[in-house]
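Student: structural data only, the sequence is not supplied:
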């Protein structure tokens, strides 16, 4: 797959992170995309091929959930997985690292933020709170391309919304809190305006990030969207 165009890796150098004001007004998310766990999957417009990256995603798990690989790569051994007990598992080829968080409840919206710098050091935040596992190294280049599947042959029952990906590393402490916004959410591009891919999933696969272009919905029913 093609390599994602590189932007400035450290967004703090752009002066974008001096302050964010929180808002008690809920953000109008609109719709979200529901995966049936049978054969649905979403292909990104461009593979996120990078070491340093930032991922922001809202998700909701069903009552019978087990493990959900919400984002996966071209390689069968690359994924971001939500596990039972609130564990976030990042696998990059031979290396797999777990990040512990509070236990997740079914049918509840959560915000997940993952930032990894150019040295491969990753930090994970759930609802604006950093994992108790702290910073851990997950080395090597990733090449994320899919939502809701692993290798287009394993599929996961999950609802996702406002999926943001970019090949740069900013200020996780500030960005994770601002994106969660006390559970109210916010337009992600007001927090990370340099994002390369942002899928709002409001009844389309449009990418509102700097790369433009749309993602592809595969094997979904005619209307797979639900209210956020």
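Tutor: Yep, that arrived. This structure is a prediction, so every number in the text was calculated from the model and none was measured.

Student: which parts of this structure are helices?
Tutor: The residue ranges that make up the helices of the chain, judged by DSSP state H, are 172-180, 188-191.

Student: same question for the last one, mean pLDDT?
Tutor: Along helix 188-191, the predicted confidence averages to a pLDDT of 98.

Student: for stretch 199-209, same thing?
Tutor: If you average the pLDDT over stretch 199-209, you get 97.

Student: export the helices of the chain as CSV, with columns for mean neighbour count and distance to residue 201.
Tutor: C-beta coordinates here come from the backbone N, C-alpha and C atoms, glycine included. Formatted as CSV, the entries for the helices of the chain read as follows, by neighbours: other C-beta atoms under 10 Å; distance: least, C-beta to C-beta, whole Å:
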stretch, mean neighbour count, distance to residue 201
helix 172-180, 22, 16
helix 188-191, 18, 12
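
Student: among those helices, which is nearest residue 152?
Tutor: Set against residue 152 and scored by C-beta to C-beta, these come closest in helix 188-191, at 26.5 Å.

Student: report the distance from that closest one to the chain centre.
Tutor: In terms of C-alpha atoms, centre = their mean, to the nearest Å, the gap separating the centre of helix 188-191 from the centre of its chain is 14 Å.

Student: stretch 146-162 too?
Tutor: 12 Å.

Student: for stretch 165-181, same thing?
Tutor: The gap between where stretch 165-181 is centred and where its chain is centred comes out at 11 Å by C-alpha atoms, centre = their mean.

Student: average pLDDT for it?
Tutor: Here the mean pLDDT over stretch 165-181 is 97, rounded to a whole number.

Student: end-to-end on it?
Tutor: From its first residue to its last, stretch 165-181 covers 19 Å (C-alpha to C-alpha, to the nearest Å).

Student: if we can go back for a sec, with distance to residue 158 added, can I get the helices of the chain in CSV?
Tutor: Putting these into CSV (distance: least, C-beta to C-beta, whole Å) gives the following:
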stretch, distance to residue 158
helix 172-180, 18
helix 188-191, 19
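
Student: how about low-confidence regions in this protein?
Tutor: Flagging of the chain using pLDDT under 70 yields the residue ranges 1-23.

Student: cutoff 50 now
Tutor: 1-9, 12-18 (pLDDT under 50).

Student: now the residue lying closest to residue 177 once chain neighbours are set aside. Its backbone dihedrals?
Tutor: Leaving out its chain neighbours, the residue that sits closest to residue 177 by C-beta to C-beta, 6 or more residues apart in numbering is residue 128, at 4.4 Å. Dihedral angles phi and psi of residue 128 (degrees, to the nearest 10) take the values phi 80, psi 0.

Student: quick check: residue 128 touching residue 184?
Tutor: No: counting by C-beta atoms under 8 Å, residue 128 does not reach residue 184; the two are 11.1 Å apart.

Student: out of those two, which sits in the busier spot?
Tutor: residue 128 (17 against 12; other C-beta atoms under 10 Å).
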